[in-house]
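what shape does this take:
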Amino acid sequence: MKHSFIALIEDKCTSCMLCVRECPAWCINLDSHTVEVTEEGARRPKKVNVLDSFDIDYSLCMYCGVCIDVCPFDALAWDEHRALTSTNREDMILGIADLRSSGSA
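Residues are numbered from 1 along each chain as shown. Below you'll find the model as predicted:
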């Protein structure tokens, strides 16, 4: 299987940081903040992490898929429909908008 791109499924990401901690290339950066959400009928609010930024530096990425394998929420997936090429290192660092799944994952 040819792995060409790691896509982020933003709605599934809980900012648990497992992908960041387990990445052998240290190419993932994630920032989040915590908000309190009170659900209807709940006795007290619960704290929820909100994703602020998620970047993958593809100039460092080994395309090993460890980040995809360790994500318990399936927020990262292979996207076969896109390939990334560039001669400029800055173009190889992609954020949330660039990493959104094209729907194939």
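
quick one, phi psi at the residue nearest to residue 19 when sequence neighbours are not counted?
Nearest non-adjacent residue to residue 19, counting by Cβ to Cβ, 6 or more residues apart in numbering: residue 67, 3.9 Å away. The way it works is simple: take the backbone N, C-alpha and C, and place the C-beta from them, glycine included. Main-chain torsions, residue 67, degrees, to the nearest 10: phi -60, psi -40.

what are the boundaries of the strands in this protein?
Taking DSSP state E as the criterion, the chain carries its strands at 6-8, 28-37, 46-57, 76-78, 93-94.

can I get those strands in a markdown table including distance to residue 14?
Putting these into a markdown table (distance: least, Cβ to Cβ, whole Å) gives the following:
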| stretch | distance to residue 14 |
| --- | --- |
| strand 6-8 | 12 |
| strand 28-37 | 9 |
| strand 46-57 | 6 |
| strand 76-78 | 12 |
| strand 93-94 | 20 |
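
which of the ones you listed sits most buried?
strand 6-8 (a mean of 25; mean count of other Cβ atoms under 10 Å).

distance from that one to the middle of the chain?
Remark: strand 6-8 is offset 6 Å from the chain centroid, using Cα atoms, centre = their mean, to the nearest Å.

where in this protein is pLDDT low?
Low-confidence segments of the chain (pLDDT under 70): 1-3, 81-89, 91-92, 101-105.

so where do the helices sit in it?
Under the criterion DSSP state H, the chain carries helices at the ranges 18-22, 66-70, 96-99.

rewinding a little: contacting residues around the residue nearest to residue 19?
Contacts for residue 67 (Cβ atoms under 8 Å, 6 or more residues apart in numbering) come out as 6, 19, 22-23, 28, 76.

same question, residue 12
When contacts are counted by Cβ under 8 Å, 6+ apart, residue 12 touches 73-75.

neighbour-wise, which of the residues you listed leads?
Counting neighbours by other Cβ atoms under 10 Å, residue 75 leads the contacts of residue 12 with 24 neighbours.
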